[in-house]
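Chemist: Next one to model:
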Amino acid sequence: MGTKVKLCLIGTGRAGMIHAENFCTNVKDAEMIAVSDVDEQRAQEAARELGIASWYTDYREAIKESGADAVIIATPTKFHCDIAVCAAENGLHIFCEKPMAMSVPECEKMIRAADKNKVMLQIGFMRRFCGDFARAKEIADSGEIGEVVMIKSLTRGPSTPHEWMYDIRKSNGPLAEVNSHDLDTLRWFSGSEPESVYALGGNYRCETAKKQYPDFYDTVILNIRMKNGIIGCIEGAQGVGYGYDARVEILGTKGMITVGELQKNSVVSYSKDKGMKSDVVESWRELFEKAYEKEDRAFVQCIQRHEKPFVGGEDGLKAVAMVNAGNESITTGRIIIM
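Modeler: Alright, predicted model coming up:
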């Protein structure tokens, strides 16, 4: 392997292009050399935008022929496992966007393939690389707010889902697509694993999906008891319209910590005509721009230094297990013991 880590992007949607642009401009030891997308036009456009010559419509060809050292997997979730296993079997390191996969067995298959072929597997939980979240974790661990007893984490997105997301069998629903970060945050902040979960969900905004996809929900709340006694509450919603909203509250016996805010800055205006007004964060890209850069840089550094990633396959697996349990709870109306 040369000085720079050569990378191939598989899946040229929004998340994939954020990573690719970072590797092109913000990670000095990285070199984007190829892209792959099943849509030929999108593959060509992505390659042109990134200033690279090689593009593919078959990820297998990209993995075997591009000369990459590592892949960034940013396709719909149902394809993650097959792509990751193929990459591992061909000796390529793997950065896999969240959710890691559709099921725990798929996650286990990915982990085994990476271990067997001695390649690195990092999962895209970028909130662990966000300075505000890291500071909150540090304060909570210091004992400043006493013993942590409850953690609430929410994510609400402004846009309506892509059509493939309506099919829970293909996407695992908003718990996976929207709340995977919240689930990882809960495990990270609590330092524990889930004991039981109970979830409620409903479709309140996506009217056109109700007939064809009766199981789809655009709003969800998931209550979790962790094994160390901490109570978790995860809330998610799609298509809220008002902006991108990601916040966490950590309640202790002697105080509390809040992380994140809907407001773009601390300036709030009050007037008789317009009431209270503040600029809001419009996208997840805007809110976590630096975190994406840090996680991409960390991926390359781990490859170069032969280190284990901060967020690995086991972390991705645990989040998927919670998603699956939450979806089972929504469907059955029961508390799910994990």
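
Chemist: what's the distance between the closest residue to Gly229 other than its chain neighbours and Cys233?
Modeler: Nearest in space to Gly229, with sequence neighbours left out and distances taken as C-beta to C-beta, 6 or more residues apart in numbering, is Val149 at 7.7 Å. For every residue, glycine as well, the C-beta is placed using N, CA and C. Separation of Val149 from Cys233 (C-beta to C-beta, to the nearest Å): 12 Å.

Chemist: right, and the secondary structure at the closest residue to Ala30 other than its chain neighbours would be what?
Modeler: Nearest-residue entry for Ala30: Phe23, 4.1 Å, with adjacent residues in sequence omitted and distances by C-beta to C-beta, 6+ apart. Assigned by DSSP: H, G, I helix; E, B strand; the rest coil, the conformation of Phe23 is helix.

Chemist: go on, Tyr204?
Modeler: coil.

Chemist: and the helix or strand hosting Arg225, which strands flank it?
Modeler: Under the criterion of DSSP states H and E, Arg225 resides in strand 219-226. Using DSSP bridges, the strands paired with strand 219-226 in its sheet are strand 194-202 (antiparallel), strand 231-237 (antiparallel).

Chemist: Quick one: list the elements packing against the longest helix along the chain.
Modeler: Identified as the longest helix of the chain according to DSSP state H is helix 313-332. The contact analysis (3 or more C-beta pairs under 8 Å, 6 or more residues apart in numbering; DSSP states H and E) places helix 313-332 against helix 104-116, strand 121-124, helix 173-177, helix 180-190, strand 194-202, strand 219-226, strand 336-337.

Chemist: Break the protein down into its domains, please.
Modeler: 5-119, 128-287+319-337 (automatic domain parsing).

Chemist: Deepest-packed of these, please.
Modeler: Compared across those, domain 5-119 shows the largest average neighbour count, a mean of 20 (mean count of other C-beta atoms under 10 Å).

Chemist: Now the terminal residues of that domain, how far apart.
Modeler: With C-alpha to C-alpha, to the nearest Å as the measure, domain 5-119 spans 13 Å from end to end.

Chemist: can you check stretch 65-84 too?
Modeler: Span of stretch 65-84 from end to end, C-alpha to C-alpha: 16 Å.

Chemist: on that earlier part again, can you lay out the strands paired with strand 219-226 as a markdown table showing distance to Lys254 and mean pLDDT?
Modeler: As requested, those are exported to a markdown table (distance: least, C-beta to C-beta, whole Å; pLDDT from 0 to 100):
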| stretch | distance to Lys254 | mean pLDDT |
| --- | --- | --- |
| strand 194-202 | 25 | 98 |
| strand 231-237 | 17 | 98 |
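
Chemist: Which one of those strands lies nearest to His80?
Modeler: Between His80 and those, the tightest spacing by C-beta to C-beta is seen for strand 231-237, at 20.1 Å.

Chemist: Pull the residues that contact the closest one.
Modeler: By C-beta atoms under 8 Å, 6 or more residues apart in numbering, the residues outside strand 231-237 that reach it are 149-157, 174-175, 178-179, 182-183, 186, 190, 194, 218-226.

Chemist: What angle do strand 231-237 and the following helix or strand past that strand make with each other?
Modeler: Proceeding N to C from strand 231-237, the next assigned helix or strand is strand 245-252, under DSSP H and E. Orientation of strand 245-252 against strand 231-237 (axes from the mean of the first three to the mean of the last three C-alpha atoms, to 10 degrees) gives an angle of 170 degrees.

Chemist: Report the contact partners of the residue nearest to Gly229.
Modeler: Gly229, Ile230, Ile231, Leu251, Gly252, Thr253.

Chemist: Same list (the strands paired with strand 219-226) but as JSON lines, adding distance to Ile123.
Modeler: Output for the strands paired with strand 219-226, formatted as JSON lines (distance: least, C-beta to C-beta, whole Å):
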{"stretch": "strand 194-202", "distance to Ile123": "17"}
{"stretch": "strand 231-237", "distance to Ile123": "18"}
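
Chemist: Of all those strands, which one comes closest to Asp58?
Modeler: The nearest among the strands paired with strand 219-226, by C-beta to C-beta, is strand 231-237 at 33.9 Å.

Chemist: so what pLDDT did the residue nearest to Gly229 get?
Modeler: Looking at Val149, its pLDDT stands at 98.
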